[in-house]
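Asker: quick one, fold the following:
(one chain, ligands or ions: 1)
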Amino acid sequence: MKVIGIAGSLRPDSNTLVYVKTALDELSGLGLESELISLRGKKINNCLGCYQCVERAECAQEEDDFAGIFGQMQAADGIILGSPVYLSSVVPQMMALLARATFVSYWNDKLLAGKVGGPITVARRAGHNLAFSQLLLWFFINGLTVPGSTYWNVGLAGAGGARDAAGDEEGLQTVTNFARNMAHVMKKIYA
Ligand SMILES: Cc1cc2nc3c(=O)[nH]c(=O)nc-3n(C[C@H](O)[C@H](O)[C@H](O)COP(=O)(O)O)c2cc1C
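Answerer: This next block holds a predicted model:
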């Protein structure tokens, strides 16, 4: 069983990476394979709305990193999506990935359905709930199962980067608890 964690920040010293990695480390400790994928340094163009993916199970845009990441999403049994909160929303590069992944999957036998996963959002102060909901809507339309935690998977950390995230004891514990529930559900489903 493999879980990938996609971290949407483009910053070198990213808080989001810390939270996603914390969840993945917990899953690894519980015997699952895990892989961290950072969108930093990746090029993900916006969906062009060309609808060519309705005719064939791939995106018509081939000149960026979408196909590789979508392949990893398809191959995984579990998907964690971590995004910084910008203006109370998920960051644009993550939304570009998710729009294209949804359309390729949705129009081609729901390629991502049946997997397990969940969102993590990270903000300095406010806007978590909207961004978290945006990601939840993605999991729902794509037919993934989302386990709960002991709180919403939100991190409180600012421009200080990994140093900030490391101080957010409750946020790190929440994503750890989420990862435990995710492992539990996955072991039941894939037993
Ligand atoms: C353009 C921009 C918009 C932001 N908007 C918000 C916001 O709406 N609410 C908030 O609490 N923090 C906001 N922040 C702060 C980031 O969410 C916060 O620093 C987060 O930890 C960044 O994650 P990262 O280190 O993984 O990139 C914003 C930061 C930037 C650069």
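
Asker: mind jotting down where the helices sit in this protein?
Answerer: For the chain, the helices defined by DSSP state H occupy 15-29, 66-75, 92-106, 128-141, 162-166, 169-189.

Asker: a markdown table for the ones you listed, including distance to residue 147?
Answerer: Placement of C-beta: from N, CA and C, glycine included. Shown next, in a markdown table, are the helices of the chain (distance: least, C-beta to C-beta, whole Å):
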| stretch | distance to residue 147 |
| --- | --- |
| helix 15-29 | 11 |
| helix 66-75 | 18 |
| helix 92-106 | 19 |
| helix 128-141 | 11 |
| helix 162-166 | 22 |
| helix 169-189 | 4 |
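
Asker: lowest-confidence stretch among these?
Answerer: Lowest mean pLDDT within the helices of the chain: helix 162-166, a mean of 91.

Asker: please name the nearest non-neighbouring residue to residue 76.
Answerer: Nearest non-adjacent residue to residue 76, counting by C-beta to C-beta, 6 or more residues apart in numbering: residue 4, 4.4 Å away.

Asker: oops, could you answer that again for residue 72 instead?
Answerer: residue 4 (5.5 Å).

Asker: mind listing the residues bridging to that neighbour?
Answerer: Counting by DSSP bridges, residue 4 is bridged to residue 35, residue 79.

Asker: from residue 147, how far off is it?
Answerer: Distance from residue 4 to residue 147, counting by C-beta to C-beta, to the nearest Å: 16 Å.

Asker: who's more crowded, the two?
Answerer: residue 4 (23 against 18; other C-beta atoms under 10 Å).

Asker: state the distance from residue 40 to residue 117.
Answerer: 21 Å.
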